[in-house]
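In: Need a 3D model of the sequence below.
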Amino acid sequence: MSARLLKKVLKEQEELQQHHSQPSTTDDEDGQDPGPSPPAASSINPFDLLIDDEDDSQINPQQDDEQEAAEEVSVNMHKEFVRNGTKSASSTSNKKLKKKKKKKERENSSSTTNKILDKPLDVILESLSLDVNPFALSRQQDPEKAKDVVEEERNRGKQCLTSLLEVDPKYLNAGNELRRIFGSKVVKSFEKNNQASSSRQIRGGRRVNHLSRKTYLVSPSDHWPRWDGSLSMEFLETKNGYHYFRYVHPPSYVEAQKAFEAAKSIHDLNGIASILLHHPYHLDSLITMAEYFKFAGDHEMSSDAVAKSLYALECAWHPMFTALQGNCQLKISHETNKPMFTSLFTHVKNLDRRGCHRSALEVCKLLLSLDSDDPMGALFFIDYLSLRAEEYSWLERFAESYKNDTSLWLFPNFSFSLSVCRYYLEREEDSKNDNLDATRANSTDLLKQALMLHPLVLKRLVEKVPLKEQFWVHILKNSFFSSDQTGIPSLDHLINLYVERNYLIWRIPDLQKLLKETAQLVIEVLETDRNDAKDWACVRKEAFSCEKNEYAHLLVSDFSDSVSSAPPEALQDFVVDPRMRDVQNIIQHANPPNQRHPTREIANRSALAVLFESMLPWVNYGDERDIGVDEGNQFDEHDH
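Out: Below you'll find the model as predicted:
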């Protein structure tokens, strides 16, 4: 505010004060009503009090001192006018106070600006940069928090892995993938037939339709029982950015589990079926029935039982259990968490068998993300599913980002799968006329490296695919490819897993040609320098140094496409460990030789009595086959 305008305002305020102090006698003498006096503030133009920044910038320091003194006077006058009830003066003084605050704010902002300008330019840019080094800031601000910042930096790698293992819900539905492959009409007709057959399988009551809960992993069928809430999940802790959970069994489920263990101890399959009548979502009973139906040849009923167990497991998820985001852990060390891993692994194989490789890949991501220890060996399945689903770029990013004790390319499955992956990416880049990345090794170099590291794989592939051309015989005669074992138990087992799972990929003629040319190139290199073979042997021993088989818990039959089957009468006592896959072992387990029913003698007995007695299912009269070798492999068809 200028000094001239301030004097004018003060003069008007003095006149207003004199007007209130002197009584008006003129109106009394005339005997007339003076009427309402005009307000004092009407003579002041409120827009005159608004001053631009240009006016403030033109005030010199002397005028600033005068203005501050005048404003103090106006504040005192404001207090007196408040006591006298003058509203106009109070509004005017309020405006002065606001202008004073604005002036102080401008002075403060100018002072902070001068302070910022006094700092070095590098410090300013570092403070404004988006790529601030958290370690340097933590040391400057609080050295005690430096360790927390270091842990956050380490967790960034885990977050990258979490994004790689994040599951896309739209690919979990196998029906959508089947529609993309075969068309919606074919899938609809199949679903109608499936619903008709499932409705005929319902026994002992009418079919009741009810609204099922929507789940991600499986689509519940209409004939499934309503979810009974027999499972729950509890939150344990949060550690290193992961949330840890475990399943909890209520008392009713514990009673059903005891009944299952009792039925399993006496090999009573009917007892397990009766448990499912009262507890339709008992997990161990569903998994056992799924194994039974699989060996009996009824894969549809087996898949249905596995889907029921997954439906129950997902309905029990904790609200914080965001499994699809890859940041939750279910350790298999908790006994109640084991059915989750068994059901997911079986579901992956069922989807792969149906040709839904993209859906199987998403479920395999979930299986791998739930336990960093990978108890089911999903790490040795995921490369095959990626190649079948044509997710080549994802497989390369996964191999580069996955955190493990050893690099993934040292494992037989990844060393060969990455070369196949690079081969298909090169074909895509050639078709698009894109420039190839010179920093990446080509498919021939990767396959050459894989053959040098794991030469035994070539011989196993030739036998398994099979490759019957004459030149393969010539290649295998080379001493580098002729060995039958590596001498390292863990590596031999992993090679068996890879060949059993991935041999189908090498049936493609283009890949066979690539394999042949690369194998010949390896032989030529070894003829010039034999030291390369010794170097790669040292790499193998360094990478797989354990003398024991660290992967013995992963059965080769779990990674096989072939499914053993047996007639239903041979599986009447099928209640065994679900991890058992050998039918002969199952039959021997169900009917051990030392527990066979004793044979009955028929000599010197009535023929009529023997006839009626032979109709009983538990009666055994013996047979010539009971005598001789291999008696343990025989089983009694009437044995219950």
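
In: Going by C-alpha atoms from here, please, whenever you check contacts or count neighbours.
Out: Noted.

In: Show me which helix or strand of this protein is least confident by mean pLDDT.
Out: Across the helices and strands of the chain, the lowest-confidence element by mean pLDDT, DSSP states H and E is helix 134-141, at a mean of 40.

In: which residues in the stretch 401-550 of the chain form helices?
Out: 412-431, 443-453, 456-464, 470-476, 489-502, 509-528, 531-543 (DSSP state H, counting those that start in this stretch).

In: Which one, of those, ends up nearest to residue 351?
Out: helix 489-502 (14.6 Å; CA to CA).

In: The closest one - contacts with which helices or strands?
Out: Helix 489-502 makes packing contacts with helix 412-431, helix 456-464 when contacts are defined by 3 or more CA pairs under 8 Å, 6 or more residues apart in numbering; DSSP states H and E.

In: In CSV: those helices, plus distance to residue 370, mean pLDDT and mean neighbour count.
Out: Listed next are the helices and strands packed on helix 489-502 as CSV, based on distance: least, CA to CA, whole Å; pLDDT from 0 to 100; neighbours: other CA atoms under 10 Å:
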stretch, distance to residue 370, mean pLDDT, mean neighbour count
helix 412-431, 21, 93, 19
helix 456-464, 30, 96, 19
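
In: Could you dump those helices into TSV and include distance to residue 178?
Out: Shown next, in TSV, are the helices and strands packed on helix 489-502 (distance: least, CA to CA, whole Å):
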stretch	distance to residue 178
helix 412-431	24
helix 456-464	29
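
In: mind checking the SS state of residue 219?
Out: coil (DSSP: H, G, I helix; E, B strand; the rest coil).

In: and what of the one 5 residues further on?
Out: When states are read from three-state DSSP, the local structure at residue 224 comes out as coil.

In: Not including adjacent chain positions, what is the nearest residue to it?
Out: The shortest distance from residue 224 to any residue other than its chain neighbours is 7.8 Å, reached at residue 308 (CA to CA, 6 or more residues apart in numbering).

In: Just the pLDDT for residue 81.
Out: pLDDT for residue 81: 42.

In: Relative to residue 167, which of the helices and strands packed on helix 489-502 is closest?
Out: Shortest distance between residue 167 and the helices and strands packed on helix 489-502, using CA to CA, is found for helix 412-431: 21.1 Å.

In: Show me what the closest one is in contact with.
Out: 380, 383-384, 387, 392-393, 395-396, 399, 408-409, 435-436, 442-444, 446-447, 449-450, 454, 457, 494-495, 498, 511 (CA atoms under 8 Å, 6 or more residues apart in numbering).

In: run the last query once more with 6 Å
Out: 392, 409, 443, 446-447, 450, 498 (CA atoms under 6 Å, 6 or more residues apart in numbering).

In: And for stretch 341-348?
Out: 306, 360.

In: So for that stretch, what gets flagged as buried?
Out: 341-348 (16 or more other CA atoms under 10 Å).

In: same deal with stretch 225-245?
Out: Of the residues in stretch 225-245, 225-227, 230-234, 242-245 count as buried by neighbour count, 16+ other CA under 10 Å.

In: Stretch 389-406 too?
Out: Applying 16+ other CA under 10 Å to stretch 389-406 flags 389-390, 392, 395-396, 398-399, 401-402 as buried.
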